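J.: Sequence and computational prediction follow.
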Amino acid sequence: MRLHVADHPLITHKLTVLRDAKTPSPVFRSLVEELVTLLAYEATRNVRTEPVEVTTPVARAQGLAISEPRPLVVPILRAGLGMLEGMVKLVPTAEVGFLGMVRDEETLLPTTYANRLPDDLSDRQCFVLDPMLATGGSLSAAIQFLFDRGAVDVTAICLLGAPEGVEHVRQATEGRDVTVVLGALDEKLNEHGYIVPGLGDAGDRLYGLV
Ligand SMILES: O=P(O)(O)OC[C@H]1O[C@H](OP(=O)(O)OP(=O)(O)O)[C@H](O)[C@@H]1O
Ligand SMILES: O=c1cc[nH]c(=O)[nH]1
Ligand SMILES: [Mg+2]
């Protein structure tokens, strides 16, 4: 597993406002969308492309097109949905699949309540979106779903990660082509499995308490 932790003042600035408990939902939502666009820039560095030629008003020019089959973007509901618009703005030709997962707040184990993915992901590059990588249980399970269907490589974009979760994903995906891109690597998990200092419950901050 490759780990890339962003190192850019604009990303840190936006994360700082996101972390602030006083930031209201509408601002939180916009920041999540802006942050994913900045992180996607790094996350799509190895997107598969092929050479194409276009005619400018002046001459022929060599360029690149995103290869077929198109990349698949998979937000993990609920909180990952807040990252979808920002991602598809950057890769408008991507297809979108959905995974609904919720973590049991006692056991910290994820269960999957929705799965709308193509059955066959052979030869597909996949991008998983989830703002929070805490214990790593949800992300590891999501990545496993994609490899079970034949994905060639998986890149996860998360706004915040805990070292425990990164290690969990590293071990669970050993031997697979996996990249994790983080906005920041935080200090630890607390006794409730929350990222410290983190930003609280990303789903609740985006969409309200359930
Ligand atoms: O790394 P883990 O320990 O598995 O925790 C991370 C998961 O927890 C959050 O989702 P949550 O279960 O709160 O669901 P929600 O998005 O509906 O709020 C978050 O969006 C991740 O999916
Ligand atoms: O800190 C955390 C951990 C799991 N899920 C969240 O939304 N936040
Ligand atoms: Mg939640």
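T.: Looks like it arrived, so ask away. Numbers count the residues shown, from 1 in each chain. Ligands and ions are numbered 1, 2, ... in the order given.
J.: Look up how far residue 116 lies from residue 4.
T.: Here the criterion is Cβ to Cβ, to the nearest Å. By it, residue 4 lies 28 Å from residue 116. In this view, the C-beta of every residue, glycine as well, is placed from N, C-alpha and C.
J.: Over to residue 98?
T.: 4 Å.
J.: same check, this time on residue 202
T.: Taking Cβ to Cβ as the measure, residue 202 and residue 116 are separated by 21 Å.
J.: again, but for residue 135
T.: 24 Å.
J.: neighbour count winner among those two?
T.: residue 135 (20 against 11; other Cβ atoms under 10 Å).
J.: which bits of this protein sit near ligand 3?
T.: Contact residues (Cβ under 5 Å from the ion) of the chain with ligand 3: 201, 203.
J.: Just to be sure, residue 142 is in a strand?
T.: No. Looking at residue 142 with DSSP: H, G, I helix; E, B strand; the rest coil, it is helix, so not inside a strand.
J.: Pretty sure it sits against residue 99.
T.: Yes. Using Cβ atoms under 8 Å, residue 142 makes contact with residue 99 at a distance of 5.4 Å.
J.: what do the two both touch?
T.: Between them, residue 142 and residue 99 share the neighbouring residues 74, 76, with contact defined by Cβ atoms under 8 Å, 6 or more residues apart in numbering.
J.: so which strand or helix has residue 184?
T.: Under the criterion of DSSP states H and E, residue 184 resides in strand 178-185.
J.: how far does that strand sit from the chain's center?
T.: The chain centroid and the centroid of strand 178-185 are separated by 8 Å under Cα atoms, centre = their mean, to the nearest Å.
J.: helix or strand for the closest residue to ligand 3 within the chain, which one?
T.: Residue nearest to ligand 3 within the chain: residue 203 (3.2 Å; Cβ to the ion). Per DSSP H and E: residue 203 is located in helix 202-207.
J.: now swap in residue 62 and tell me
T.: Following DSSP H and E, one finds residue 62 within strand 60-66.
J.: now for that strand, which elements pack on it?
T.: In terms of contacts (3 or more Cβ pairs under 8 Å, 6 or more residues apart in numbering; DSSP states H and E), strand 60-66 is packed against strand 49-55.
J.: tell me the contacts of the nearest residue to residue 128 once chain neighbours are set aside?
T.: Spatially, and ignoring its direct neighbours in sequence, residue 128 is nearest to residue 156 (4.4 Å; Cβ to Cβ, 6 or more residues apart in numbering). Listed by Cβ under 8 Å, 6+ apart, the contact set of residue 156 reads 127-130, 133, 139, 142-143, 169, 178-181.
J.: again with residue 169
T.: Applying Cβ under 8 Å, 6+ apart, the residues near residue 169 are 1, 133, 136, 139, 140, 143, 156, 178, 180.
J.: quick one: which of the residues you listed is nearest to residue 14?
T.: Taking Cβ to Cβ as the measure, residue 14 lies nearest residue 133 of the contacts of residue 169, at 17.7 Å.
J.: Tell me, how many residues neighbour that closest one?
T.: For residue 133, using other Cβ under 10 Å, the count is 28.
J.: what's across from it in the sheet?
T.: residue 161 (DSSP bridges).
J.: can you list contacts of the helix or strand where residue 76 lies?
T.: Using DSSP H and E, residue 76 sits within strand 72-77. Contacts of strand 72-77 with the rest of the structure, by Cβ under 8 Å, 6+ apart, involve 80-81, 83-84, 87-88, 91, 94-101, 114, 117-118, 121, 124-130, 138-139, 142, 146, 151.
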